[in-house]
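Participant: need a structure here:
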Amino acid sequence: MDAFTTYSGKIAVIPGDDIDTDRIIPARFLTRVNRSGYGELLFNDVRGPEFILDQPDASGTTIMVVGTNFGCGSSREHAVWAIQQAGYKAVIARRTPDSPGYSDIFRQNAANCGLLLGEVTNEDHAILVAAGTGSEATVDLPAQTVSVGDSIVPFDINPVTKQALIEGLDLIGTTLVYENRITEYEATHNSFAPAV
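Facilitator: You can find the predicted model right below:
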């Protein structure tokens, strides 16, 4: 997994709350036997001239700005893969007192796959939305900020996920940080096997 510290790109503002995983990647595409080819299927069933990602301003965007409860619905890593394979490096969602920025399962899948998810307040979300699709932005993970125009917006992220992203560690990599200790333990302990 690639390490993430700072990233600059253009934002795409995806309007609406409660965008579920079936909208992100329809269930009928989940039968593929490999992990590639999902980027072209991102938001497949809502694409068209009126959809924001199909409008000229969205060309080349790599940072999504979304509403609340993004990624709700059924669990599928495919939704994260589709976002990443379509070229998106980070997603910034609006958090309210009544709704998180992301569903818990989507949040964990994103962390496992190395997709940065940040959460901002209503007021800060309004700044990003006002900047508009196509605006240049910089995501600074160590500082936990998104800069757009003259504005610097703070975002929240789980500290464990933040550190794993900065170090470029997936779940296996996080375990292998302790490889020497695991090897030492395995060398001094016999495996238990019940007597037959």
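
Participant: with adjacent residues omitted, what lies nearest to residue 140?
Facilitator: Residue nearest to residue 140 in three dimensions, not counting chain neighbours: residue 6, with 4.8 Å by C-beta to C-beta, 6 or more residues apart in numbering. Glycine gets a C-beta too; all of them are placed from N, C-alpha and C.

Participant: for residue 173, same thing?
Facilitator: residue 1 (6.7 Å).

Participant: next up, the contacts around that neighbour.
Facilitator: With contact taken as C-beta atoms under 8 Å, 6 or more residues apart in numbering, residue 1 is in contact with 113-114, 168-170, 173.

Participant: what's the neighbour count on the closest residue to residue 129 other than its chain neighbours?
Facilitator: The shortest distance from residue 129 to any non-neighbouring residue, by C-beta to C-beta, 6+ apart, is to residue 13 (5.4 Å). Residue 13 is flanked by 23 other residues according to other C-beta atoms under 10 Å.

Participant: now do the strands in this structure.
Facilitator: For the chain, applying DSSP state E gives strands covering 6-13, 61-66, 90-94, 116-120, 136-140, 145-148, 151-154.

Participant: now the residue nearest to residue 29 when sequence neighbours are not counted: how far from residue 102?
Facilitator: Nearest-residue entry for residue 29: residue 41, 5.2 Å, with adjacent residues in sequence omitted and distances by C-beta to C-beta, 6+ apart. To residue 102, residue 41 is 20 Å away according to C-beta to C-beta, to the nearest Å.

Participant: look at the two and report which has more neighbours.
Facilitator: More neighbours surround residue 102 than the other of residue 41 and residue 102, with 23 against 20 (other C-beta under 10 Å).

Participant: what bridges to the more buried one?
Facilitator: residue 70 (DSSP bridges).

Participant: contacts for stretch 30-39, please.
Facilitator: 25, 29, 76, 78, 81-82, 84-87.

Participant: got a PyMOL select line for the buried ones in those residues?
Facilitator: Buried residues within the contacts of stretch 30-39, by 16 or more other C-beta atoms under 10 Å, are selected in PyMOL with:
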select buried, resi 25+76+78+81+82+84+85+86
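
Participant: state the pair within the contacts of stretch 30-39 that is farthest apart.
Facilitator: Farthest pair in these (C-beta to C-beta) is 76 and 87. Separation: 19.4 Å.
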